[in-house]
Every structure is written in C-alpha cells, then in structure tokens.
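Peer 1: Below is the sequence, then the predicted model.
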Number of protein chains: 2
Amino acid sequence: MTAEASDSREKPNLAAVAALAGVSPSTASLAFSGAGPVAESTRARVFDAAEKLNYGGPDPRAQSLRRGRSGIIGVVMEERVRDAFRDPMNIAMLDGLADEIGATGSGLLLLTETGDDRLGFASAPMDAVVLIGCSTRLDESVALLRQRGMPIVAVEAPHMAGVVAIDLANREASASVARHLRELGHKRVGVVTLPLEQSHAAGPLTPDWHATATSEVGIQRLLGVADVYDEFGGYVASTSSIDAGIEAGLTMLADPANRPTAVVAQSDLLAIGIIRAAEQLGLAVPGDLSVAGFDGARIDSGYDLTTMVQPAVEKGRAAGRAVIDMLAGSDPTPVTFTTEFHAGNTTGPTMPSRSGRPASR
Amino acid sequence: MTAEASDSREKPNLAAVAALAGVSPSTASLAFSGAGPVAESTRARVFDAAEKLNYGGPDPRAQSLRRGRSGIIGVVMEERVRDAFRDPMNIAMLDGLADEIGATGSGLLLLTETGDDRLGFASAPMDAVVLIGCSTRLDESVALLRQRGMPIVAVEAPHMAGVVAIDLANREASASVARHLRELGHKRVGVVTLPLEQSHAAGPLTPDWHATATSEVGIQRLLGVADVYDEFGGYVASTSSIDAGIEAGLTMLADPANRPTAVVAQSDLLAIGIIRAAEQLGLAVPGDLSVAGFDGARIDSGYDLTTMVQPAVEKGRAAGRAVIDMLAGSDPTPVTFTTEFHAGNTTGPTMPSRSGRPASR
DNA sequence: CAAGAAAATCGAATCGATTCGATCGATTCG
DNA sequence: CGAATCGATCGAATCGATTCGATTTTCTTG
C-alpha cells in the first residue's frame, strides 16, 4: 500500500522520502549528503520524492546527534547585547571570529550572560565556546562545560586549566602609555579604568581595589600604570562608553586644586568621554590636560587620540583558529598579542607654570 | 558485572549513570529534568553516580532531537558582522530581540549571510529565524526554511507569504521629514539613501533606481520624500556609516552652483557624515545647509540632529515576541511601528539671499 | 484489613538521521 | 571461463535522551 505516501499532514522524514522513492533510507541519506556512490537515476528519484513530499532536507537536529557536531560555536559575553556591542573592540573581535568560524560553515551563538542564564547556557548544543571579556564569575558554567569535554577558548580572561588563552600584553601596553606621559613631564596622572568587578559600579578607585577586582583586563592595565607611577588617582567607570567617560571625567577633574595633568583611560571610548568632560569644564586638550586611551578604535571625535592600538580583529581570528584546531583534535598553542603605541594629538608636555606646586611628594 | 561502570575513557551517557545508580534510564532522566516524581534518595543516588562518572548532564543534541526544539533562534543579517554591528539600529534591535528571546532560555545564532553561506545556513538546528534588514536576495534560503515549517519573522523586509512582518512606517516617516524641510522653505533638497541594491555600490541616484532597487527600507524612505518633493537629487551610500556619509556629502555638495539647501539622510550615521562633509567644505549647519537624519540614534557629534526617532529596541522586542508566539502555536499579528519627529538644531529656514535664483522650475 | 489512591519506578517505543559491513550484479582481466 | 573488482544498494546498529503507559510499592481510609 502506498497510503502513507500522500500523508501530507505530518512533517516528512528521510524514511518517508526513501519509501516513496523506492530505496532504503541509507541510500536516500547518501543521495542527500553526497557522500558515497549513488546512481544518477536513483538520486533523481530521491529528489523527486522529496519535492513531492515537501521534504526540506535532513533534520539538522538529528544530524547533530548522530554526527556529534552541531556546527555551532558559543560566544559568551559578560554583558547584555546592548552593552557588549557598544564596544568597538568586542565587535572587531566578533568580526574576526565570525570570519574564521564562518569559513568552516559554523555559526556563532550569542550567549550574553544575563542574570540567571548562567546555568542555562551550558545546555545549548554547541561544539565549542569562546569567552570574550569575561571575568571569573563564570567559574561554575565553565566547569560544567569543561566537564562535558567542550573545547573552551578565552580571550583576555584569567587563565584556567583546560582553557586555551588568547591574550593581550595589557600590562606592558599600559606601562608604555604611562612612560609616554612621564616623558612628557606629567607628575600627576589619573587612571580611568574599565569596570573591575561584576557589579559594574562606578566610583573612585580605592586603594584596596586589588583585593576585590576580578576583571583581568582592568587589573593588568592598572598594574601597567603602577609599574611607572608610584602614585596616581583613579576612577572606575561603569562600562566602556563615552558617557561613562564623561561621568568619570567630570568627577576626576572637578576640583581644580587637585586635578591631574594627564589621564590614562583604559579604553578609547572612555578617553573620548574624558575629553568631552574636559571641554565642558573649559580645559584644553592637550594644553591643560593630556588624555590617552587604549584600543585604537579610531572613533570619530575630532581628535587624533594618543592610544595603544591593539589587533582586535586578529584576536578574534586567533580565537576562531584555536577553536577550529581543537575541534580537529590538535591542541592549539596559546597566543599573546602585543599593542602598538600611537602618538596622537591628545597628549602633550606639561605646562611649566600652570597649577601652583607639583603634587607628588 | 559492573565492569562498564569504571570505563573512564568514553564520554558517559545517561544510561551509564542510570546503570551505576541502579535505576532505569527513564528514572535517571526524570531525576535530571525535574519533571515527574522522583524520591529524594533516588535523585541523590543518580547525582552521585553522575559525579562519579564525570557526567555533565543530558546531551543537548539528543535533547533537541527528542524534544524537537533546540532552543536556538537564528538571526539573519545581510551584511558581515563588522558592518551589521556598526549600525546602532541593528544593535538596538538585536538587544530587544535578545531580551525577549533570552527570557525564554533560548539563544541567538548569528547568521551573517556572507557569500556562499546562503544555502548552508538553513541547515543549522534552529527553532525559528528572524530576518533583520534583509533584501530579497534571500528568497531561496527563505523558501527552504519555510518548506521545513520553520517560523520566520522579518523586520522591515519585503512582505512574503508565510513570513510574519514587523514593519516601520518608513514612507510616512520620511515624508514627515520632507514636509518639515518644505515648511522651512527648502526648494532644493538632496537625499542620501541606504544601499538600494545588494551590490552596495555607492554613486548618484539614477532616475531609474526604482527598477533595480531591492532594499525595502531604502525604497520606502525614498518614496516618502517623493511624496513631498517632485524633484530631488540623490546619492546612494555604500553602507550606513559616517564615512559613507562623508563621501556622499563631499560628492553632493561639491558643486556650489548646483548645491541643495537641505539634505535628507536615510540614517543618522549618514547624516553626521554629511555634516562633517559640509564642515570640511566650509558650510555652516544649519546656516548654509540643513541636514536631517533618520533613526534617532543619538550619536555623539556635537549636534542635536533633526531626525525621525524610531523604536528600534521595540522592533526587536516585537520580533522576539512574534517568534515566541509562533513557537507556542499561535500566529502573531504583524506589527507596524511608527516614528516620532525630533526637531534638532541641524535644520533651519533657508537663507533668503544665498544663491542667486531658486532652482526648481 | 481490604480496597483504592497516590507515588515511584520501569520498559519500550521514538525522535531522524548516519554509517559500517554485507550483498548483489555487472564489468574486467588473466 | 572463472575470479577479482568495482559500483550501487540495503540492513541493522547507533547517537543519547524523553515520555507514555504499565507496573510495583506505599499510604490512606472506610
């Protein structure tokens, strides 16, 4: 009986197609996948049957179970989508990642770690995971993933066993900027950092920041400045954005008697914000205040920002390649990228006779 | 024999855990999923066994086959990641989408339609697909998806049967801006459009644009201007970015004798670019040139841009809700959002005595 | 104390495909 | 002409879990 051939209500499966075409399911599978030898006439018959039944090809869910691969790479970002994508560095990294991953036919699954998702995101059918800009708060989830044998690549995260690290020489880079400012004669510098803790609370940098900070990037860049300056003021921004930079700037620069002559921002967005704040307060950049950034984001702002240019797209690429290597069975070597100093027009020598007395003792 | 209990090389599965715990696989499944009644002692035994075997919980691949759901929503964007995320509107939509989708425990699979991926992306294990800013070039892929019974939601795309549409009243919005400029006395206006064809080639708007254009958004916004002005010059930008706007501006404003007094840009990024171009050419905004944008992106530029504010996040949210509805079995009603006019300081009345004679005949 | 209800557990079918080894013809070669 | 080969196709096992209906155990209650 061919009764089931015209059963047009249920979703058709490969077996139904095979039955209609008069071949075995295995042959039909071969016809679709292209692997293995199938006679042209048979192939045609299978495709005809598929079209007749409105069959759209093998179910990816079943394929991924059988093959043990889903063709999906998870990308975990700490923040919500809106914030994560406001940062040009994240986008650049994602771009590089998408480039490499896309070439293998896989897709990127966006896993923003909002609230209670923490435990849940480990249950998505992915082949590997890339951690981008994540602090340590992911410990449990990562442990779960690793236990499952899932390849994990982390970009600029604290090192963890079994996790391939793609790093940036943040400390050295930050020290370079600090040295640049010292050479220009700056004695009083302020640092505006990326969020250091998962609370993302803004406020002055306290002396005991080291005890509570969890953000690897922020910590390293702070240490870089500390390598050059014994003392410096600081402000922790709530996020990497121009607005957060303005807020930080307005706070740091508020008191004329106690104002730094140079500010090191841990991102270009923050730096632009600080410049905006300076403008609002009537300070000239770099005349009254030098501002240096970090990233090399080339933000349209009317200034040529002094900054450390980091190869963000390359970082993403490297992460992608690491994932591909791991899925192929080989274990990739961790990579550490370096930055390049870019001298712009937002930093300059200290004015000899500006504020009364030099501040550092 | 309990020989297989200590087989520590292969990845453990639920059956192995159940065996070690001395229960049936079905009970073990119940213990993990939480559905169904399981005695506390049994649950503990199962979890112990799982830990002993290093079992990380049910395999998502198998779950998605059995359940028929993968917990993954595909997001198709026409451009590559880098370009797509440069546009604040895309990010805002994605944010709203992620918000709604994330609440259901699903994730977003980024499908940038680069090159030959066209056929491939239909084979990812997703439960539904959201098309964001896509032209008609996706026809084949969409047909394939629809054939497979996959729910499809399209934001501002040409309407297609079986695809839920989330729309914006682009034409009316664009007409509003045009009317605003007419009321200010502008006779010669220029339009800078988003890419109209998939080639993304930049260049002057030709009279026969209507014949080849495929980008719904660009078309509608052009028609809106045409509803108010019989004649206008135009330039097609290569993408929605400040740089593309600068390029367009420099071209359009190059010839002083044949220069519009007002420019309508189809995005805020383009508008900012045009203002920058005007500045470069020594034109004052809005003194010599009025510029209006579209989106309400609130880009930091020193200007308060006259623009149409669109609810981008809400659009994303609506798309998310539509997806959720469809997956729940009900069919959502299409939504059309409207924009709100924002009068900024980049548009103003025409100078009575600027260029010799009014241009339109 | 027996009967019925509720709770806990189990067996077996199922989701939809892939893939390895076996089978069956047809062709080729010695 | 018999044997070896190659191409095409098929059977059956497998991937790893979920879930429905059935069975057993436990707790009430008349």
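Peer 2: Cool, the structure landed. Numbering: from 1, shown residues only, chains lettered A, B, ... in the order given.

Peer 1: Spell out which parts of the stretch 101-250 of chain A neighbour DNA strand D.
Peer 2: On the criterion CB under 7 Å from any atom of the strand, DNA strand D has no neighbours in the stretch 101-250 of chain A. Just so you know, the C-beta spots here come from the backbone N, C-alpha and C atoms, and that holds for glycine as well.

Peer 1: now the strands for the stretch 101-250 of chain A?
Peer 2: A:107-112, A:128-132, A:152-155, A:164-168, A:189-193, A:203-204, A:233-236 (DSSP state E, counting those that start in this stretch).

Peer 1: where's the shortest one relative to the chain centroid, distance-wise?
Peer 2: Strand A:203-204 has its average C-alpha position 25 Å from the chain's average C-alpha position, going by CA atoms, centre = their mean, to the nearest Å.

Peer 1: Listing partners with orientation, what would you give for that strand?
Peer 2: The strands beside strand A:203-204 in its sheet (DSSP bridges) come out as strand A:233-236 (antiparallel).

Peer 1: pLDDT of the strand it pairs with, averaged?
Peer 2: In this model, strand A:233-236 has an average pLDDT of 96.

Peer 1: all strands for the stretch 251-361 of chain A, in order.
Peer 2: A:262-265, A:290-292, A:307-309, A:335-337, A:340-342.

Peer 1: by contact count, what packs against the first one?
Peer 2: For strand A:262-265, the contact count by 3 or more CB pairs under 8 Å, 6 or more residues apart in numbering or on different chains; DSSP states H and E identifies helix A:170-183, strand A:189-193, helix A:242-252, helix A:268-280, strand A:290-292 as packing neighbours.

Peer 1: tell me the contacts of A:Ile274?
Peer 2: Residues in contact with A:Ile274 (CB atoms under 8 Å, 6 or more residues apart in numbering or on different chains) are A:Val192, A:Gly245, A:Ile246, A:Ala248, A:Gly249, A:Met252, A:Leu253, A:Val263, A:Ala265, A:Val291.

Peer 1: Name the nearest of these relative to B:Pro311.
Peer 2: A:Ile246 (25.6 Å; CB to CB).

Peer 1: circling back: make a markdown table out of the strands of the stretch 101-250 of chain A and add mean neighbour count.
Peer 2: Converted to a markdown table, these look like this (neighbours: other CB atoms under 10 Å in any protein chain shown):
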| stretch | mean neighbour count |
| --- | --- |
| strand A:107-112 | 25 |
| strand A:128-132 | 26 |
| strand A:152-155 | 26 |
| strand A:164-168 | 23 |
| strand A:189-193 | 26 |
| strand A:203-204 | 12 |
| strand A:233-236 | 23 |
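
Peer 1: would you turn these into CSV with distance to DNA strand C?
Peer 2: Shown next, in CSV, are the strands of the stretch 101-250 of chain A (distance: least, CB to the nearest atom of the strand, whole Å):
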stretch, distance to DNA strand C
strand A:107-112, 18
strand A:128-132, 19
strand A:152-155, 25
strand A:164-168, 26
strand A:189-193, 49
strand A:203-204, 51
strand A:233-236, 50
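
Peer 1: Compare those strands and give me the one nearest A:Ile275.
Peer 2: strand A:189-193 (11.4 Å).

Peer 1: mind listing what that closest one pairs with, with the direction of each?
Peer 2: Strand pairing (DSSP bridges) places strand A:189-193 next to strand A:233-236 (parallel), strand A:262-265 (parallel).

Peer 1: need the ones you listed in CSV with distance to A:Ala278, can you?
Peer 2: Below are the strands paired with strand A:189-193 laid out as CSV (distance: least, CB to CB, whole Å):
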stretch, distance to A:Ala278
strand A:233-236, 14
strand A:262-265, 8
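
Peer 1: Ok, which of these comes nearest B:Glu340?
Peer 2: strand A:262-265 (34.6 Å).

Peer 1: The strands of the stretch 251-361 of chain A: which one's closest to A:Gln147?
Peer 2: strand A:335-337 (25.4 Å).

Peer 1: residue in the stretch 151-300 of chain A nearest to DNA strand D?
Peer 2: With CB to the nearest atom of the strand, the shortest gap between the stretch 151-300 of chain A and DNA strand D falls at A:Pro151, namely 16.2 Å.

Peer 1: how close does that residue get to B:Ala318?
Peer 2: 36 Å (CB to CB, to the nearest Å).

Peer 1: What parts of chain A come near DNA strand C?
Peer 2: Residues of chain A lying close to DNA strand C by CB under 7 Å from any atom of the strand are A:11, A:13-15, A:25-26, A:29-30, A:32-33, A:35, A:57-59, A:61-63, A:65-67.

Peer 1: Quick check on those residues: which are buried?
Peer 2: Neighbour-count burial (16 or more other CB atoms under 10 Å in any protein chain shown) is assigned, among those, to A:Asn13, A:Leu14, A:Ser29, A:Leu30, A:Phe32, A:Gly57, A:Pro58, A:Asp59, A:Arg61, A:Ala62, A:Gln63, A:Leu65.

Peer 1: Is it possible to get CSV of those that adds distance to A:Thr347?
Peer 2: Shown next, in CSV, are those (distance: CB to CB, whole Å):
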residue, distance to A:Thr347
A:Asn13, 66
A:Leu14, 65
A:Ser29, 64
A:Leu30, 66
A:Phe32, 62
A:Gly57, 58
A:Pro58, 59
A:Asp59, 59
A:Arg61, 56
A:Ala62, 59
A:Gln63, 56
A:Leu65, 57
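
Peer 1: Which ones among those residues also lie next to chain B?
Peer 2: For chain B, the contacts drawn from those by CB under 8 Å from any CB of the partner chain are A:Gly57, A:Pro58, A:Asp59, A:Arg61, A:Ala62, A:Gln63, A:Leu65.

Peer 1: Quick check: the closest residue to the second one other than its chain neighbours vs DNA strand D, distance?
Peer 2: It refers to A:Pro58. Nearest non-adjacent residue to A:Pro58, counting by CB to CB, 6 or more residues apart in numbering or on different chains: A:Phe32, 5.7 Å away. To DNA strand D, A:Phe32 is 13 Å away according to CB to the nearest atom of the strand, to the nearest Å.

Peer 1: With just CA atoms, put the helix or strand A:Phe32 falls within into PDB.
Peer 2: Element membership for A:Phe32 (DSSP states H and E) is helix A:25-33. C-alpha atoms of helix A:25-33 as PDB (Å, rounded to 0.1, in the frame of the first residue of the first chain):
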ATOM      1  CA  PRO A  25      16.900   5.100   4.000                       C
ATOM      2  CA  SER A  26      20.600   4.600   3.800                       C
ATOM      3  CA  THR A  27      20.600   5.200   0.100                       C
ATOM      4  CA  ALA A  28      18.400   8.300   0.500                       C
ATOM      5  CA  SER A  29      20.800   9.600   3.000                       C
ATOM      6  CA  LEU A  30      23.700   9.000   0.700                       C
ATOM      7  CA  ALA A  31      21.800  10.900  -2.000                       C
ATOM      8  CA  PHE A  32      21.400  13.900   0.200                       C
ATOM      9  CA  SER A  33      24.800  14.100   1.800                       C
END
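
Peer 1: For that helix, what does the pLDDT average out to?
Peer 2: 96.

Peer 1: list the helices and strands that helix packs on?
Peer 2: helix A:14-21, helix A:40-53.

Peer 1: Kindly recompute the last result at 10 Å.
Peer 2: helix A:14-21, helix A:40-53, helix A:60-67 (3 or more CB pairs under 10 Å, 6 or more residues apart in numbering or on different chains; DSSP states H and E).

Peer 1: any residues touching it, and which ones?
Peer 2: Residues from elsewhere that reach helix A:25-33 (CB atoms under 10 Å, 6 or more residues apart in numbering or on different chains): A:13-21, A:23-24, A:35-39, A:42-47, A:49-50, A:55, A:57-58, A:63, A:66.
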